[in-house]
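>>> Below is the structure, and that's it, no one-letter string:
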C-alpha cells in the first residue's frame, strides 16, 4: 500500500502527547471521583431521532450504515454517533431510572463525533470529560454552585494556564427580556449568543428581526449583555437598568450565590458575564463557559449548564446540571503552542542491556525483578554493541541503563553516574519512575 | 419522549460494572507500561479501502455518512469505524514511520465496532486492549515469546479465573501442509480454523473441497491439529508424523522456545495447541488464543500473533507481533456469571450529613478538607432528617457518615461505631478508601 495520509478533523497524538493526555485525564477522573461522581460510559451510538431532538447540532451528526446491510434495510440507518455526552446521559437516565439512586452523580469521559465540514478545520472526533447530577422531579440549586469548583479542582493541579469560568443564568436573561417586553426570549438568547462573533450592531438587528424587539428593547438587551463582574456587584448593575420581573429576581439571587460560593473557595475563578447565553435550547438555569487565560480568543474549553426538561417522559422528569471539559480542544490548543512537555516518550525507566543473546533469559529475570517493584523496564532488542544499546535508551529518554555483570551496575545516562546495583532492591528516585509532565 | 430501550449488541454497564471495568483496564494499562509499551490512540475511523484489505471482517464494517452531506457527495462515504486495533496501528506506523523510534512498542485500549447481524447476539461495540511491537525490516523473534508473559502479568493480578494461552505457529502448519503436499496452505488453515465449530469430519471435507487435499493429506492435517502439550514434547509428536519441511523445522523451533520461555516464568500458562489457526490472513509466525479457565466453551478472550506484511509499502516493511485482550468480552462473560463484585456503587467513602441548609457551607468545608487528603467525599443533597441522610449512604454502600457538631463525629454505618473526628486529620482504613473489586 502507499503511505497513508491524515484525515482532516481526526487528530492523532504521538505517544508523548498521548501520555500527557492520559496524565490530564487521570487527574480529571481522580478529582471527579473525589467528589463522589460514579463512572459511566454510554454506547457511541444513539437512535437518530434522539440525536435530532435538539436543533443546533443536527446538521453535524454522523449516520451509520452496515456495509453488508440488505439493500433497503433500515435497522442501522437510524443510528448515529453521539455528538456530546449530555444527550446520551439523559437517555441513559430515562432508560435506567428504575435501577439508579437519585440524585445520581456520574462522570463520563469519552470520544464524541461531529460531522463538521472538513474545510472549517474543526475537530470531528474529540474527547470530552463530563460531570452531571440529576435528580427525580426536583434538583437542589446548590449543585449549580458546585460544578465550577469541581472543574477548578480538576484542572488546577495541572501545569496549564489558570482558567476563568464565565457564568450566567438563563432566568436572568429570560426574566429581563420578559420584563422589557421582548416577545420571543429564546430567539433573543440565540441572537445575544452571537455577540462575540458578529458584534453588538448586528445582534441589535437580529433582536429586531428574529425576536420581535423594538430598538429600545434591543438596546436594553445589549446593556444587560455588557455587564460582568467577579463579585455580586453585577446584580446592582442589572437592577440599575430598572427592569422588574420575578424570574429575573430569582435568576439574580441564584447567580449571586454561584459567584459568592466560588469566591469563598477560589477567588477570581468565576466571573458573572451576562452575555454568556449558550446556544443549546435545553438550558434553564446557570450556564457556564470557560476561558484558558492567555487563550481567550480560542473560545471556551469547558461549558455546560442546568437543564430541567432534557430527561423527561410524560410522567417523569429528571432535572440536571452538568459541565463538560473539552479535553481534546484544550490539549490541542496547548500542544499547538508548545505549552506542555513530557520528560520522555516511553513509560520505560530502565533499559536492561543484553551482553549476548545467550544472556537474554538472565536479562529478562532482571527486568522482572525491577517490574515486580513497580519500575517500568524494557530489555534491549538485540545484543548489539553497548553504545548502540545506550543510543536506544537516549533516543527515547529512558534515564537508566542496567548492565549485567559481576556485580550488576546501573548507569544514569543523563549524568553518566554508574553504580553497583541489585535488581531485587535498587530503586530509582521517585521523580524518575514515570514520565513527568511540565508546562512550557 | 417515551422510555428508551437498549440497542442490541451495544452493551452499557451500570456504574458498579463500569467501576470494575476501569479497575481492570487500570491494571492492564499499568502492566503494559511496566513493560515499556507507550500509549497510543488512533482515530475511530479508517478509510474504507484500508478496512476492506483483509477479507474475513469486511462484511462487519460500519460505514459513516454525514447527515447533511451534499446529495451524492462521497468525501465521508469512504470512512468506516475500525473493527480492531491492529489494522489502524499498521496504518499509523506507515503514516508516521519517520517520527517513530523502532522497534516501537505501543499499547492501545479503545472501543472497536463490528456491524454484526443483531440476531447473532454478539457485541457490535466492545473494548479491546492491545500491545504490539513493530520493527523496521526485521523483528527479533524473542518478542513472540514475550507477548503471553505480559498478558499473564496483566490479568494475573485480577480476581478472575486463571487463563491458559494456546499457542501455535503458522510456519508449523504451512510447513507441514507443504511437506505433505497440500496445494493451498492458506485454504487449509481456514478449514482447520473451523475445527471446534464444525468437527473433524466436516473439516476433512473442506480440506478436500477448498484446499485441494487428498483424503490422506486431510487426515495428516487433522492429525497435526490434534497435537497439544504444555511442554516441548509436542515437537516430538509432530516429528512422529514423519513430515519433512524446512519451514516446519523453523516453526517447531520457535514454538518450542515460546513454550519453554513461558514455562520458566509461569508453568501451565501456555499450551502448544496445533489446531489454533486464527482466521486472519496476515499472521505469519506465532499465533495466540486464550481461554479463561471454567469458561472454555465461550471461546477466546485474548488473541493475536506475528504479522510480517501488514504494515508495508513497496519499499518499506514493518513486521510486528501483537496480542489483544477482549476486555468487554471477558467482563461480559464474568458479569453474566456474577463472577465479579464490587464493595459499593459510588467512589464516595464519606457522606457529610447536613444539619440545616445554613450549615451547608461548613459541610462543604469539611468535605474539602477530606478530599484534600484523598478521601472521596460527598455532601448530603438536602438537610433531611438524619435517618434519611444515612439511607442515602446505605443505598450506595458509602461506608462512613460524617456528623458536624461540637466536636464532629464520624460513623461507620456498617458496624454502627461512631467516633469523634477532625476533618483535617481523620483517615479511613486504606481498604475503605476506594471500592474494592472481588471475585465470586
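Nice, I can see it. Remember, predicted model here, so these are calculated numbers, not experimental data.
>>> make it CA atoms for all contacts and neighbour counts henceforth
Fine.
>>> Residue A:386: neighbour count?
15 (other C-alpha atoms under 10 Å in any protein chain shown).
>>> My error: substitute residue A:423 in the last question.
Residue A:423 is flanked by 20 other residues according to other C-alpha under 10 Å.
>>> Enumerate every residue touching the residue nearest to residue A:100 when sequence neighbours are not counted.
Excluding its sequence neighbours, the residue lying closest to residue A:100 (C-alpha to C-alpha, 6 or more residues apart in numbering or on different chains) is residue A:93, at 7.8 Å. Counting by C-alpha atoms under 8 Å, 6 or more residues apart in numbering or on different chains, residue A:93 makes contact with A:100, A:311, A:318.
>>> what do you get if the cut-off is 10 Å, keeping everything else the same?
For residue A:93, the contacting residues are A:99, A:100, A:104, A:134, A:135, A:311, A:312, A:318, B:3, B:4, by C-alpha atoms under 10 Å, 6 or more residues apart in numbering or on different chains.
>>> so what pLDDT did it get?
In this prediction, residue A:93 carries a pLDDT score of 96.
>>> Show me which positions of the helix or strand where it lies end up buried.
Taking DSSP states H and E as the definition, one finds residue A:93 inside helix A:86-96. Neighbour-count burial for helix A:86-96, counted by 16 or more other C-alpha atoms under 10 Å in any protein chain shown, picks out A:86, A:87, A:88, A:89, A:90, A:91, A:92, A:93, A:94, A:95.
>>> Can you convert those into JSON lines and add a column each for distance to residue B:394?
What follows is these, written out as JSON lines (distance: C-alpha to C-alpha, whole Å):
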{"residue": "A:86", "distance to residue B:394": "28"}
{"residue": "A:87", "distance to residue B:394": "30"}
{"residue": "A:88", "distance to residue B:394": "28"}
{"residue": "A:89", "distance to residue B:394": "24"}
{"residue": "A:90", "distance to residue B:394": "25"}
{"residue": "A:91", "distance to residue B:394": "26"}
{"residue": "A:92", "distance to residue B:394": "23"}
{"residue": "A:93", "distance to residue B:394": "21"}
{"residue": "A:94", "distance to residue B:394": "23"}
{"residue": "A:95", "distance to residue B:394": "24"}
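>>> Would you point out which residue is most central in chain A?
If you average the C-alpha coordinates of chain A and look for the closest C-alpha using C-alpha atoms, centre = their mean, you land on residue A:325, 2.1 Å from that point.
>>> ranges for the helices of the stretch 201-350 of chain A?
Remark: helices of the stretch 201-350 of chain A, listed N- to C-terminal, are A:215-225, A:233-239, A:246-265, A:327-336; assignment by DSSP state H, counting those that start in this stretch.
>>> Show me the domain layout of chain A.
A:15-341, A:350-439 (automatic domain parsing).
>>> so how many other residues sit close to the residue of the stretch 301-440 of chain A at minimum distance from chain B?
Residue nearest to chain B within the stretch 301-440 of chain A (C-alpha to the nearest C-alpha): residue A:376, separated by 3.8 Å. Neighbourhood size, residue A:376 [other C-alpha under 10 Å]: 27.
>>> Residue A:298: how many residues sit nearby?
Each residue near residue A:298 was counted by other C-alpha under 10 Å, and the total is 12.
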